[in-house]
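Visitor: whatever this is, show me its structure:
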Amino acid sequence: MQVHIFRGPGRVFGFTTQSSGANLPARHAPWVAFKTVELRSGERTPGVDTDDCLRDLETYGVHVTDAHVRITEEAIR
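Guide: So this is what the prediction gives:
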């Protein structure tokens, strides 16, 4: 799956399949495009737990981390 990664303030990163990043939570804006990667279940990707990311994308449409720690549910509340 092609995933677009955006950087928020501090060490916050948002992952989404939307190239615009429009669905990332406003509370961590501004979001700046960082890079685009291809994620595959079961494959290691530096800096992200691939399987957690893919599950969040399926469930919430976004995956959010702070210093590599998953904060998706907190970020979208």
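Visitor: show me the longest helix that occurs in this protein.
Guide: Looking across the chain with DSSP state H, the single longest helix is helix 50-60.
Visitor: beyond that one, next helix or strand please.
Guide: Using DSSP states H and E, the helix or strand that follows helix 50-60 towards the C-terminus is strand 62-66.
Visitor: still on that earlier bit, would you mark the buried spots in the longest helix of the chain?
Guide: 50, 53-54, 56-57, 60 (16 or more other CB atoms under 10 Å). For the C-beta atoms, the positions are set from N, CA and C on the backbone; glycine is no exception.
Visitor: return the member of those nearest to His4.
Guide: Nearest to His4 out of the buried residues of helix 50-60 is Leu57 (CB to CB; 10.6 Å).
Visitor: contacts only, for the residue lying closest to Ala67 once chain neighbours are set aside.
Guide: Distances taken as CB to CB, 6 or more residues apart in numbering place Arg11 nearest to Ala67, at 4.3 Å, with adjacent residues excluded. Residues in contact with Arg11, defined by CB atoms under 8 Å, 6 or more residues apart in numbering, are 66-68.
Visitor: what subset of the residues you listed is buried?
Guide: For the contacts of Arg11, buried by 16+ other CB under 10 Å: Asp66.
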